Structure formats: structure tokens, C-alpha cells
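Engineer: no sequence for this one, just the structure:
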Ligand code: TYD
């Protein structure tokens, strides 16, 4: 049965290798199993033009990209994503879960590339017409742990991932500063906690937001279900 509910916008943020995709997919499965309509999406990407910009901005093959050009490319992809995908989905009552959003630009281009938080934020305010997540889940990862996790197996690093640890350290602190400035809109969790613990803490927070927004989830229905995703 599908539950009609007000839309909710959730962003997952964190350094590379934080495990955002795993947790975004756990949350999405859990909410779908409760009858909610969920859209999982990612940045850069989420639209045809956004996916093209993604491959341009992440590939090593295009030589050096000037930091402002890089910030504008992420913002251009985000403008399309916000207007063509996220806003329409929210208007239909969908729960939108995005892997990265504005905070990634503030952290990577603002802090990592040294453009400053203020300019990058105002560029993105303009690009998204002020569309902000209801909740940002920040998975805080130590840069060296992140590198170990993302290069496990034979995975290769994209243009931004391959930057040195001090770049990733600046990013980590920028994410934490954003969360500290608006604590009620963030859930900050240590990325090295176990997957099940993270999944249930995230679900608990999202469910309380949904109930506060008027979604017809009763405390009984929430407690009677196990946390989905406990697959072998
Ligand atoms: P991501 O999709 O998390 O990488 P992967 O799919 O390989 O796990 O993000 C791609 C990279 O783009 C990542 O290094 C962070 C970077 N990025 C920015 O620098 N600015 C941004 O605004 C966004 C959305 C991503």
C-alpha cells in the first residue's frame, strides 16, 4: 500500500569513502517497505545534462579545471537537478534522498579549492532558488580511513578523490562547520560506526521528521517492523 505523505528532502553528505551510498540505499529500502514513495538520486548527476557534467568534471582526461569553472559546473548540474527532479518529486509527496547536494560544493570547492564558503553558497542559492534539504545526514570520515575504504579492491579514484589528504581534511572540517552552524537540520554520525547502527539511527531520525510533517506513520507501525535491509 502506498502512503500519501508530504514530501521530505534528505541529503547524505561526507568525504569520499564515508559510505553514503550504502546508507542512502538502506534508508530508501526502509522507507519503501513502510509504503512511502522514495526517489534516490545523486550529484553531480540526476538528469541527462547533470550526468554529462558529472563525467566532464570527474574525469582525469580534461586536464586542469579552474576552481570557478569547477564550482559552476557542479552548480549547473544542481540547478537542473533541483528544478527538473527534486522540486517536482517533493511536490508529489515523494521522499527525495540525494547522495550529495550544496554542502559538497561548499566543502570541496569552497574549502578544498579555496573559493570560500560564502561565494559558493550564494552561487548555489541562486542555482537552486533556495531549495535546502529538510535533513542532512553527515557521515564524518577521517581522510585516511576514507581513502582506504574507497580504494579497497581495485577501485580507481576520480579527479577530486585523488587530491591529497590535506584537501580532504579541509573538506571534513567544512562539513562539520556547516553542521555546527545549523544543528537542528543535521544528523552527524561517525562513518566508522557499524552499518546496522548507522542505518537504524538514520531511520529513527527520518521517521520522527515524517511524523512531525504529518505522515500517517503510527508509533505502533514503526516499532512492529524490523529495520529492513538485514539481508544475508
Ligand atoms: P561521488 O558521487 O560521491 O563519487 P563516487 O560516485 O565516486 O562515490 O562524488 C563525486 C565527486 O565529486 C566527489 O569526490 C565529490 C565531488 N563533488 C564536488 O567536488 N562538488 C560537488 O558539489 C559535488 C556534488 C561533488
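Structural biologist: Okay, I see it. Remember, it's a predicted structure, so these values are computed and weren't measured experimentally. Residues are numbered from 1 along each chain as shown.

Engineer: which regions of this structure sit below the pLDDT cut-off?
Structural biologist: 1-6, 216-232 (pLDDT under 70).

Engineer: quick one: the helices in it?
Structural biologist: In the chain, the segments counted as helices under DSSP state H are 20-33, 48-58, 67-80, 87-91, 102-105, 117-128, 143-150, 165-181, 195-212, 219-224.

Engineer: Now stretch 122-130: buried residues?
Structural biologist: Along stretch 122-130, these residues count as buried under the neighbour rule (16 or more other CB atoms under 10 Å): 123-124, 127-128. In this view, the C-beta of every residue, glycine as well, is placed from N, C-alpha and C.

Engineer: Rebuild the helices of the chain as a markdown table, extending it with distance to residue 187.
Structural biologist: Supplementary listing: the helices of the chain in a markdown table, determined by distance: least, CB to CB, whole Å:
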| stretch | distance to residue 187 |
| --- | --- |
| helix 20-33 | 11 |
| helix 48-58 | 26 |
| helix 67-80 | 22 |
| helix 87-91 | 19 |
| helix 102-105 | 13 |
| helix 117-128 | 21 |
| helix 143-150 | 19 |
| helix 165-181 | 9 |
| helix 195-212 | 5 |
| helix 219-224 | 17 |
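
Engineer: Highest mean neighbour count out of those?
Structural biologist: Among these, helix 102-105 has the highest mean neighbour count (mean count of other CB atoms under 10 Å), at a mean of 27.

Engineer: And that helix, what does it pack against?
Structural biologist: If you count contacts as 3 or more CB pairs under 8 Å, 6 or more residues apart in numbering; DSSP states H and E, helix 102-105 packs onto strand 8-14, helix 67-80, helix 117-128.

Engineer: near the ligand at all, the first one?
Structural biologist: No. For strand 8-14 and the ligand, the contact criterion (CB under 6 Å from any ligand atom) is not met; the two come no nearer than 8.6 Å.

Engineer: That strand pairs with which strands, and in what direction?
Structural biologist: Here strand 8-14 is paired, per DSSP bridges, with strand 95-99 (parallel), strand 135-140 (parallel).

Engineer: near the ligand, which residues of the chain show up?
Structural biologist: Residues of the chain lying near the ligand by CB under 6 Å from any ligand atom: 16, 42-44, 58, 74, 100, 104-105, 108-109, 158, 160-161.

Engineer: Cross-check the contact I'm expecting between residue 71 and residue 120.
Structural biologist: Yes. A contact is recorded between residue 71 and residue 120 when judged using CB atoms under 8 Å, the distance being 5.8 Å.

Engineer: shared neighbours, the two?
Structural biologist: Shared contacts of residue 71 and residue 120, defined by CB atoms under 8 Å, 6 or more residues apart in numbering, comprise 105, 109.

Engineer: can you tell me the distance between the two ends of stretch 133-146?
Structural biologist: Between the opening and closing residues of stretch 133-146 there is a gap of 24 Å (CA to CA, to the nearest Å).

Engineer: which outside residues touch stretch 135-145?
Structural biologist: Here stretch 135-145 has contacts from 8-20, 23, 101, 103, 149, 165, 168-169, 171-172, 175-176, 178-179, 185-192, 198, 202, 205-206, 209, using CB under 8 Å, 6+ apart.

Engineer: Please measure how far the first residue of stretch 127-147 sits from its last one.
Structural biologist: Stretch 127-147 has an end-to-end distance of 31 Å (CA to CA).
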